[in-house]
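[1] With the input below, show me the fold.
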Amino acid sequence: MSSLPTVAIIGRPNTGKSTLFNRLVGRRQAIVSDIPGTTRDHVAGVIEEAEIPYLLVDTGGMGGGTEDKAMEDDVHAQSLLAIEHADVIIFTVNSREELTASDFAIVDILRKRRRKHVPVLLIITKCDNPEQMEEMLPNFHQLGIADEVLPVSAPHRIGTDELETAIQERLKNAQFQKKDERQGTALASAVPRIAIIGQPNVGKSSLINAFMSDSERDKSPKLVSDVPGTTRDSTDTVIVREGKEFIFVDTAGLRKAAMKAEEIEGLSILRTVQALEHCDISILIVDATKTVSKQDKRIAKMAMEAGKGFIILLNKIDLLTTEQKKEKLNEMKIALHFCEFAPVVLCSAQTREGIVKIFDLIEMVQRNRLRRIATKDLQQWFSGVAASGPVGELGKSKYITQADELPPTFVVFVKDPRKVQLSQLKFLDRKLRETFGFDGTPIRWITKSSLKDER
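    Residues are numbered from 1 along each chain as shown. The predicted structure is shown next:
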């Protein structure tokens with residue numbers, strides 16, 4: 001069982017899924033609008049402060065009703081994947097509309113496609129008047145799918161506490177670990193977890209095989225094929241090198257041999273989201289024989305946003321000439337410019353070229369993720385940068401410190417945080433890396449008001 005359970009929000013378009021997601025996550029992450037079908041894909045966030053932390057997944061609407069008919073089949077398929085892999089399902093229905101054929105069609109899908117033990121919470125959204133809802137609730141019970149029916153108004157925080165309680169009860173019944181138990185386990189183990197991410201058929205499983213010694217490959221070979229998405233499930237592989245253990249998680253994610261290409265891609269994304277939330281370092285595998293795609297960029301952005309260590313591997317370089325390798329590196333720098341802090345390794349799973357470098361890089365990135373800079377040294381560095389660089393409002397700051405968080409997070413106290421520009425924070429980020437390194441790990445910046453009596 002995954003250490004981090006998944007809770008999926010599903011329902012027709014415009015039933016308030018994204019608004020509810022934002023309320024539960026505690027920040028405006030999903031796009032919210034009055035246009036049915038605004039959410040095109042999985043949006044995920046970890047509810048870390050809960051007694052049992054979980055990964056909350058928002059999905060696109062099922063059952064049609066949008067203005068973009070070309071996208072509906074793909075969005076529907078993405079929602080099916082979320083249903084099939086969720087540990088708790090939140091089914092949203094709009095209280096301001098009569099039940100539709102699409103609502104009953106979703107109920108039928110839930111009966112057929114969810115795992116039998118997975119509970120369903122029926123959430124009646126947009127319930128601004130709880131008294132009226134008491135009279136309306138019997139109408140929604142006729143759906144006959146839910147363990148519990150709860151009226152909710154996410155914008156007004158009505159019913160959201162009850163929903164959180166219901167989610168926690170279901171996770172406890174499923175024997176998921178509480179937060180203190182998970183943290184204790186994580187702290188007790190110094191073995192880094194490395195998620196192998198990337199598009200199907202870029203060589204993820206082959207690279208894990210190449211990471212192993214000959215004897216280890218004989219003991220636990222992984223399934224490898226030319227068919228995209230051969231790996232059946234996320235699999236932990238423990239590799240021992242020079243007496244040190246590394247846990248690799250393959251996220252290829254094909255569950256059924258008959259799945260279509262778009263279903264394989266969707267499941268790959270869902271598995272990637274899940275793996276990123278409880279790994280230490282992610283390694284993005286890119287096929288060196290192909291152009292860097294939108295999907296490669298998307299996965300790279302997911303890894304950055306997760307705040308984990310990040311390494312990029314260009315696989316299949318044995319198929320390139322020396323000149324082609326140089327061209328590929330230049331292409332990578334341009335296409336993935338937003339994660340230029342990530343080390344790039346040219347390697348080949350077939351010839352094992354570049355494989356040895358990976359383990360040293362993993363150890364280096366892990367050290368950087370956990371690295372702390374003394375406040376005195378940090379303050380001295382900041383004074384020099386602020387005096388000579390284009391930092392605007394940041395130049396008036398009298399104090400900077402590193403927070404006790406991962407990834408490395410730095411807090412700058414300024415008179416008015418609203419005047420701090422993104423370009424100024426990027427300048428600080430670049431200068432910090434020039435002085436202190438932090439290769440392979442994203443850095444987060446927080447600006448806070450220095451006014452003690454701020455209200």
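
[2] Leaving out chain neighbours, which residue sits closest to residue 237?
    Leaving aside its sequence neighbours, residue 237 sits nearest to residue 248 (C-beta to C-beta, 6 or more residues apart in numbering; 4.7 Å). C-beta here means a position set from N, CA and C on the backbone, and glycine is covered the same way.

[3] packing partners for whatever helix or strand that neighbour lives in?
    In this structure, residue 248 is located in strand 244-250 according to DSSP states H and E. Judged by 3 or more C-beta pairs under 8 Å, 6 or more residues apart in numbering; DSSP states H and E, strand 244-250 is in contact with strand 193-197, helix 204-211, strand 235-241, helix 355-370.

[4] So which elements touch the first one?
    Which is strand 193-197. Taking 3+ C-beta pairs under 8 Å, 6+ apart as the contact cut, strand 193-197 packs with helix 204-211, strand 244-250, helix 261-277, strand 281-287, helix 294-306.

[5] ok, the residue lying closest to residue 84 once chain neighbours are set aside to residue 83 distance?
    Closest residue to residue 84 apart from its sequence neighbours, by C-beta to C-beta, 6+ apart: residue 113 at 5.6 Å. Separation of residue 113 from residue 83 (C-beta to C-beta, to the nearest Å) stands at 5 Å.

[6] Same check on residue 48?
    24 Å.

[7] of those two, who's got more company?
    residue 83 (23 against 12; other C-beta atoms under 10 Å).

[8] Would you mind measuring from the more buried one to residue 10?
    6 Å.

[9] buried sites along stretch 314-331?
    Neighbour-count burial for stretch 314-331, counted by 16 or more other C-beta atoms under 10 Å, picks out 314, 315, 316, 317, 318, 320, 328.

[10] rank the helices and strands packed on strand 193-197 by pLDDT, which is bottom?
    Among those, helix 261-277 carries the lowest mean pLDDT, a mean of 66.

[11] okay, now the residue nearest to residue 237: neighbour count?
    24.

[12] Test my guess that it contacts residue 210.
    No: using C-beta atoms under 8 Å as the test, residue 248 is too far from residue 210 to be in contact (11.1 Å).

[13] need the helices for the stretch 101-250 of the chain, in chain order.
    101-113, 130-141, 160-173, 179-188, 204-211, 214-219 (DSSP state H, counting those that start in this stretch).

[14] Nearest to residue 417, out of those helices?
    Residue 417 lies closest to helix 160-173 among the helices of the stretch 101-250 of the chain, at 27.8 Å (C-beta to C-beta).

[15] Buried ones in the closest one, by neighbour count?
    Buried-residue list, helix 160-173, by 16+ other C-beta under 10 Å: 160, 163, 166, 167, 168, 169, 170, 171.

[16] same thing with stretch 287-307?
    By neighbour count with 16+ other C-beta under 10 Å, stretch 287-307 contains the buried residues 287, 288, 292, 296, 299, 300, 302, 303, 304, 306, 307.

[17] farthest pair in the residues you listed?
    288 and 307, at 27.0 Å, using C-beta to C-beta across the buried residues of stretch 287-307.

[18] Residue 6 pairs with what?
    Beta bridges link residue 6 to residue 55 when assigned by DSSP bridges.

[19] Tell me how many other residues surround it.
    Neighbours of residue 6 (other C-beta under 10 Å): 21.

[20] and residue 368, how far is that from residue 164?
    35 Å.

[21] With residue 423 instead?
    For residue 423, the distance to residue 164 - C-beta to C-beta - is 38 Å.

[22] how far away is residue 429 from residue 177?
    35 Å.

[23] meant to ask about residue 316
    Distance from residue 316 to residue 177, counting by C-beta to C-beta: 39 Å.

[24] Then residue 83?
    Residue 83 is 24 Å from residue 177, by C-beta to C-beta.
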